[in-house]
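> Task: produce atomic coordinates for the following.
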Amino acid sequence: MKLYRDEGIILRTQDLGEADRIVTLLARAHGLVRCVAKGVRRTRSRFGARLEPFTYVDVQLYRGRSLDIVTEVATLNPFGRAIAPDFEAYAAASTMVEVAEKLGAEGEPDRAHYRLLLGALNSLASRQHAPYPIMDSYLLRAMAVSGWGLAVTSCALCGSGEDLAAFHVQAGGMVCRRCAPRGAAYPGEDTRRLLAALARGDWDVIDALAGSTGETAHGYISAYVQWYLERKVRSLQIVRSAS
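So this is what the prediction gives:
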């Protein structure tokens, strides 16, 4: 059928011509979707304000030759309105949607990742926890559902759960003292506990430890994500400038 409907999260927009806009969204049933919203930059547009980054929408599209075309859109939750005024929340959300786009695939739904991003944006918008721990937990869990889970409870090289003393990006996370390669980092106990809590979404532990060791853990997570994605995440520069 030429027309189809889905729910999705707006990841990014890009101006096209004088009045149109290319919209990238992560859709529940269709995965990554790139489409054109015609005339949305005109002041009389019916739904221009509904197609902003971080917005959760119900959208109807018409299948086009190269890009699908937005024909209807309704806002389900305007997360961006609550996120945008807070610089740290904005930096965190920008990083999350950039990584979501890099992990997504057109026409290949990933409902676990979709639910994860939706929940993370809701947490940011409702101020359930501090922005950067929400972002870091999302990054680790998104990488895990995409097949790149960080080793946090057993050695990434030998599988042992004993004497996990070092962190090595190329090895895949935590490694035991015996396997630790040259150049590995040796995080403190609280940082190791925080990494494990972020990976499983244990918010009691995260909230207790993030204030003292969050920046160190974030550095490990940023390096890990960019190593396995094999590309820079530009929005992490905003996070660093805000730290």
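
> Break the chain down into its domains, please.
Recorded structural domains for the chain (assignment: the TED database) are 3-80, 129-231.

> and the ones you listed, which one's lowest on average pLDDT?
Among the domains of the chain, domain 3-80 has the lowest mean pLDDT, at a mean of 90.

> And that one, end to end?
27 Å (Cα to Cα, to the nearest Å).

> need the helices for this protein, in chain order.
79-83, 87-103, 111-125, 131-145, 189-200, 203-229, 235-242 (DSSP state H).

> Also compute the angle for the longest one relative to helix 87-103, please.
It stands for helix 203-229. 50 degrees (axes from the mean of the first three to the mean of the last three Cα atoms, to 10 degrees).

> tell me which residues in helix 203-229 are buried?
Neighbour counts over helix 203-229 (16 or more other Cβ atoms under 10 Å) mark 203, 205-206, 209-210, 213-214, 216-222, 224-226, 228-229 as buried. Any C-beta I mention is one placed from the backbone N, CA and C, and that applies to glycine too.

> now do the first one
Judged by neighbour count (16+ other Cβ under 10 Å), helix 79-83 contains these buried residues: Phe79, Gly80, Ala82, Ile83.

> That helix - contacts with which helices or strands?
Identification of packing neighbours for helix 79-83 by 3 or more Cβ pairs under 8 Å, 6 or more residues apart in numbering; DSSP states H and E yields helix 87-103, helix 111-125.

> Name the residues that touch stretch 185-192?
152, 164-168, 174, 180, 195, 209, 212-213, 216-217, 220 (Cβ atoms under 8 Å, 6 or more residues apart in numbering).

> chain center to it: distance?
Distance of stretch 185-192 from its chain centroid, counting by Cα atoms, centre = their mean, to the nearest Å, is 24 Å.

> Quick one: end-to-end length of it, please.
Stretch 185-192 stretches 11 Å from its first residue to its last (Cα to Cα).

> who touches the residue of the chain most remote from its centre in this structure?
In the chain, the residue that sits farthest from the middle, by Cα atoms, centre = their mean, is Arg178; the gap is 33.5 Å. Arg178 makes contacts with Cys158, Ser160, Asp163, as judged by Cβ under 8 Å, 6+ apart.

> give me every residue that touches the closest residue to the first one other than its chain neighbours.
What that stands for is Cys158. Counting by Cβ to Cβ, 6 or more residues apart in numbering, Cys158 lies nearest to Cys179, which is 5.3 Å off, once chain neighbours are set aside. Residues in contact with Cys179 (Cβ under 8 Å, 6+ apart) are Cys155, Leu157, Cys158, Ser160, Ala171.

> Out of the residues you listed, which is nearest to Val33?
When the contacts of Cys179 are ranked by distance to Val33 (Cβ to Cβ), Ala171 comes first, at 35.6 Å.

> circling back to that earlier point, give me phi/psi at the residue nearest to Cys158?
Backbone geometry at Cys179, expressed as degrees, to the nearest 10, gives phi -90, psi -10.

> which ones are touching the one residue sitting closest to the centre of the chain?
Centroid-nearest residue in the chain: Met96, 2.6 Å away (criterion: Cα atoms, centre = their mean). The contact partners of Met96, by Cβ under 8 Å, 6+ apart, come to Leu117, Ala120, Leu121, Met135, Tyr138, Leu139, Ala142.
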